[in-house]
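Undergrad: Show me the folded form of this:
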Amino acid sequence: MSKKEFYIEKIGQRGKIKIYTVDGFIVRRDLDEEFVNFGQHFRYKCIPEYEFWLDKEATPDERKFYIDHLLVEWKMMRNGTHYKEACVRADEKERTERKRTETKNNIHIKQIGEAKGKIKIWIINGKAVRDSRDIDFTEGGHDYVYSYVPKNEVWIDNDITEEERPFVILHELFERSLMKKGTSYGDAHIKASEIEWKARHDSNKLEKSLKKFGFKFV
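TA: Just a heads-up that it's a prediction; the model follows:
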């Protein structure tokens, strides 16, 4: 794969580390479906050691927070710290920075779909969620994972492009259906990631899978 397929722009540099915005849709399709808003080499091996990747945002208003997070995480993991501990410390740094600039915004933006069981799919303000409720919220979520999501709702981060939304919606609906039956989050997430990966490479799979959930845009 050519770099130019997913690299969008170099937006900065910290010492030897080059910071790029990338097309997360292509990264998740072709390299690692678990890549979220940002990442570094010691978390995602597809990223070169001296690069930070930031997914393109609908509104590029969280870059500083992500870079601050990555600097802490990268340095600690490079020195042998386990990801979980490094992430906790990086979250603390990011949370402090967010509090300095936090603004109160409505979380719900627009309902874009519905599915069987009176499930409503909402586009939400991801930054507002990360600022005030959950710094680790990325891409999407639902009421069986996050206590702050209202019953029978699936949330899609407004930083997810319109092109990618159906794949995230499928992931969340599939994961939610398994957890409703008693499957643990860990197992449900793995299985949802598998079906999402298949759908990203087969448009017929995406359409058929969404149809099973009675999903439709509104």
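
Undergrad: Surely H142 touches I156?
TA: No. At 10.1 Å, H142 does not count as touching I156 under the criterion of Cβ atoms under 8 Å. C-beta coordinates here come from the backbone N, C-alpha and C atoms, glycine included.

Undergrad: which neighbours do these two share?
TA: Common contacts of H142 and I156 (Cβ atoms under 8 Å, 6 or more residues apart in numbering): E172.

Undergrad: Buried ones in the lengthiest helix in the chain, by neighbour count?
TA: In the chain, assigned by DSSP state H, the helix with the most residues is helix 83-101. For helix 83-101, a neighbour-count test (16 or more other Cβ atoms under 10 Å) marks 86-87, 90, 93-94, 98 as buried.

Undergrad: Then stretch 45-54?
TA: So for stretch 45-54, counting by 16+ other Cβ under 10 Å, buried means 47, 51-54.

Undergrad: Helix, strand, or coil at I121?
TA: strand (DSSP: H, G, I helix; E, B strand; the rest coil).

Undergrad: Now do the contacts for it.
TA: I121 touches 111-115, 153-154, 156, 169, 215, counting by Cβ under 8 Å, 6+ apart.

Undergrad: at 10 Å instead, please
TA: 110-115, 140, 142, 153-156, 165, 168-169, 172-173, 215-218 (Cβ atoms under 10 Å, 6 or more residues apart in numbering).

Undergrad: What subset of these is buried?
TA: The buried subset of those (16+ other Cβ under 10 Å) comprises 112-115, 140, 142, 153-156, 165, 168-169, 172-173, 215.

Undergrad: just checking, which of these belong to helices?
TA: Going by DSSP H, the helices hold 165, 168-169, 172-173 from these.

Undergrad: Thanks again, I'm all set now.
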